[in-house]
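Asker: here is a sequence with its predicted model. Questions after.
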Amino acid sequence: MNIRDRILYFLDLHRNGLTVLALSLLLAVYPLAYGNPYILGLTNLIGIYTIVVLGLNLFIGYAGQISLGHAAFFALGAYGSAVLTVKWGVWPWPAIALVALATAMVALLVGIPALRLHGHYLAMATLGFNIVIYTVLVQWDELTGGPSGFAGIPALSFGAWQFDSDLKLHYLVWTAALICLMLGLNLVRSGVGRGLAALAGDEVAARSLGVDTRRAKVKVFVLSVVLASLAGSLYAHTFGFVSPDTFGIFASVDFVTMVVVGGLGSVWGSLFGAALLTWLPEFIDVFESYKDIIHGLILVLVLLFLPKGLVTGLIDLSRVRLARWRQRRA
Amino acid sequence: MTQDFLQFIFSGLTSGAIYALIALGFCVVHNTMGIVNFTQVDFVSLGGMLLYSALFSVGLSMPIALLAAVFGVSLVAMFVERVGIRPARSTDPLVLIFLTIGLSIILRGVMALLWGKNRMAVPSLTSDDPLRLLNAAIMPQTLWILALTAIAIALLAWFYRRTRLGLMMRAVATNPRAAAVVGLPLGRVRMLTFGLAGALGGLAGVLVTPITTLSHDVGVLLGLKGFAAAILGGFGSLPGAIIGGLGLGLLESLSAGYISSAYKDVCAFVVLLLVLFVRPKGLMGR
């Protein structure tokens, strides 16, 4: 091997690690250049959504299941943290862990029977769960503040040092998001992850090859719910205010859109999908009344022409192009 | 006491009939194409919108406006199938479900653009003076809803059993490949199936919007309850859709009456989830 081949081999072998490293550097430096609090608020939101979308993508893209109710688990995380810290005076950090644990219990309770269902039935069950949670958030106003929301959630802190500015929160949120992304990347290439990918491909075949599909589905469901709950807690502490509108069924549909646009079963796609669909409304602010149509068009066009999502689809497309170009040169 | 009970039963049957119509639309498409068509939700709103325009912008009389609205929704549904679903290269049910969700978002956006986001009112089919039956007040619209739903169901049964097109749809539903082999035009049958589903959804919208108010997203919750009704009855089963619809409607109005009106949706969906956990294929599912 000559030097060039060696470098290329090194790059290819460590592509995930290097991408994570580059992304971390970029994220560490960029707020120093662009300290605009509005932009930082937006990127913080992207970081939080990335965590939800990553979890949902593991469930949809890898396990091949449908959830149209992930906003409900996001809500349980956010409202759980809010209620525990404000009403019951629990410290924020242990509250996050407690809420994640409790949400995982709810997920087990809902998931074990629900994951016996297939396709449409599962879509309905998760959708129904979301509507139930949303209605409870709106109606139980002594606890949740009702339709007007729940304000005054304290910021996270280490001792007296508080995460109270957008800049500080940027580092907190993106550290969490990067840890989750790395977790996702590693999980996908582990034995469990390969089992899940097999499950998405063909459930019967996966079972005959020794994957315990029922347990695998429940496990990945709980994992994705825990990620949604963590992101919810982060959301509550980042913005200090939660209201039911953030957690309705349309939010669940938005999360699914982010997964699909980014790419089913693509960890980096989760980041891309969350970023694109959170940024986009800012870009098309002028076309306020066309917002929904553009949103829907993106989803439909991606599904029609690149069913694997933008990231995976474009990578595949460029691979094909590259191979053809090489063939022609040879 | 009995008077209240009767009142709840009637309001339950009314909304149940609407859910049943929407659920039938879901099942009709599912049987021929094997997908969940979430645009069904918007056919309901579109029915109300077209009725509104036919009455007030075009100035048609009520019966003609009603027919025009239902027919219009049916045309839009066929258009959606032709440009939105048929070009899909994937047969993955996951992709197709998300595709209909995307189309539904677009339809809702277009409706908001054309008719605005304000709430509007549509008049009932006939007068609004309540009739009295055993001390319970019944709106004439309730009777219209029950009667027209019954007629629509009877027509649907006749259509599937006696007409050539209905038999073609059943053939495609049973085995698409075999149907194509004997020369049935798959694409056209599927498009007409969408038209049928659109007509059912549009009828539901035309009938329900005088009771609720009309807006571009009025169909979302109604449509999702229709989906829930179809699931409750066993997805794809037509009798199941009717039973599921009426069951869900009654459940909702009785729990609103005797337990809590704020949590009526919660009651309905919790029962739905429990039924699914006991019978994962729904009540009449195969």
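Answerer: Everything's here; your move.

Asker: longest helix anywhere in the chain?
Answerer: No chain was given, so I picked chain A. When chain A is parsed with DSSP state H, its longest helix is helix A:213-239.

Asker: the intended chain is chain B.
Answerer: helix B:2-33.

Asker: give me the distance from that helix to the chain's centre.
Answerer: 9 Å (CA atoms, centre = their mean, to the nearest Å).

Asker: report pLDDT for residue 198.
Answerer: Because you didn't say which chain, this covers chain A. Note on residue A:198: pLDDT of 83.

Asker: wait, I meant chain B there
Answerer: 95.

Asker: sorry, back to before: the helix or strand following the longest helix of chain A - contacts with which helices or strands?
Answerer: Later in the chain than helix A:213-239, the nearest helix or strand by DSSP states H and E is strand A:241-242. Under the contact definition 3 or more CB pairs under 8 Å, 6 or more residues apart in numbering or on different chains; DSSP states H and E, strand A:241-242 sits against helix A:70-82, strand A:150-151. (Glycine included, C-beta is placed from N, CA and C.)

Asker: adjacent strands (with direction) for strand A:241-242?
Answerer: strand A:150-151 (antiparallel) (DSSP bridges).

Asker: can you pull out the helices in chain B?
Answerer: B:2-33, B:40-53, B:62-80, B:93-115, B:140-162, B:164-174, B:176-181, B:186-208, B:218-233, B:238-258, B:264-278.

Asker: sorry, slip of the keys, the one I care about is the stretch 201-330 of chain A.
Answerer: Under the criterion DSSP state H, counting those that start in this stretch, helices of the stretch 201-330 of chain A are mapped to A:203-208, A:213-239, A:249-262, A:267-283, A:291-305, A:310-329.

Asker: tally of neighbours for residue B:89?
Answerer: Using other CB atoms under 10 Å in any protein chain shown, residue B:89 is surrounded by 11 other residues.

Asker: how about it, nearest residue that isn't a chain neighbour?
Answerer: The shortest distance from residue B:89 to any non-neighbouring residue, by CB to CB, 6 or more residues apart in numbering or on different chains, is to residue A:307 (6.7 Å).

Asker: for that neighbour, grab phi and psi.
Answerer: phi -60, psi -20 (degrees, to the nearest 10).

Asker: so what's it up against?
Answerer: Counting by CB atoms under 8 Å, 6 or more residues apart in numbering or on different chains, residue A:307 makes contact with A:313, B:88-90, B:92, B:95.

Asker: the nearest residue to residue A:297 once chain neighbours are set aside: what's it in contact with?
Answerer: Nearest non-adjacent residue to residue A:297, counting by CB to CB, 6+ apart: residue B:106, 6.2 Å away. Counting by CB under 8 Å, 6+ apart, residue B:106 makes contact with A:292-293, A:296-297, A:300.

Asker: okay, residue B:106 and residue A:250: tell me how far apart.
Answerer: Residue B:106 sits at a distance of 14 Å from residue A:250 (criterion: CB to CB, to the nearest Å).

Asker: report the angle between the axes of the longest helix of chain A and helix A:70-82?
Answerer: Relative orientation of helix A:213-239 and helix A:70-82, computed by axes from the mean of the first three to the mean of the last three CA atoms, to 10 degrees: 50 degrees.

Asker: what's the helix or strand for the residue most central in space within chain A?
Answerer: Central residue of chain A (CA atoms, centre = their mean): residue A:53, 1.9 Å from the mean position. In this assignment (DSSP H and E), residue A:53 forms part of helix A:37-57.

Asker: per-residue confidence for residue A:286?
Answerer: pLDDT, residue A:286: 63.

Asker: which residues of the stretch 1-150 of chain A score low on pLDDT?
Answerer: Scanning the stretch 1-150 of chain A for pLDDT under 70 picks out A:1.

Asker: up against chain B, what does it have?
Answerer: Proximity of the stretch 1-150 of chain A to chain B (CB under 8 Å from any CB of the partner chain) is limited to residues A:60, A:64, A:66, A:110, A:113-114, A:116-121, A:123-125, A:127-129, A:131-132, A:135-136, A:139.

Asker: rerun that using 7 Å as the cut-off
Answerer: Proximity of the stretch 1-150 of chain A to chain B, by CB under 7 Å from any CB of the partner chain, involves residues A:64, A:66, A:113, A:116-117, A:119-121, A:123-125, A:127-129, A:131-132, A:135-136, A:139.

Asker: pull out the buried members of those.
Answerer: Among those, those buried by neighbour count (16 or more other CB atoms under 10 Å in any protein chain shown) are A:64, A:66, A:117, A:119-121, A:123-125, A:127-129, A:131-132, A:135-136, A:139.

Asker: show me the residues you listed that map onto helices.
Answerer: Counting by DSSP H, those place A:119-121, A:123-125, A:127-129, A:131-132, A:135-136, A:139 in helices.

Asker: now those as JSON lines including distance to residue A:90?
Answerer: Formatted as JSON lines, these follow (distance: CB to CB, whole Å):
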{"residue": "A:119", "distance to residue A:90": "40"}
{"residue": "A:120", "distance to residue A:90": "40"}
{"residue": "A:121", "distance to residue A:90": "37"}
{"residue": "A:123", "distance to residue A:90": "35"}
{"residue": "A:124", "distance to residue A:90": "35"}
{"residue": "A:125", "distance to residue A:90": "31"}
{"residue": "A:127", "distance to residue A:90": "31"}
{"residue": "A:128", "distance to residue A:90": "30"}
{"residue": "A:129", "distance to residue A:90": "25"}
{"residue": "A:131", "distance to residue A:90": "29"}
{"residue": "A:132", "distance to residue A:90": "25"}
{"residue": "A:135", "distance to residue A:90": "26"}
{"residue": "A:136", "distance to residue A:90": "21"}
{"residue": "A:139", "distance to residue A:90": "24"}
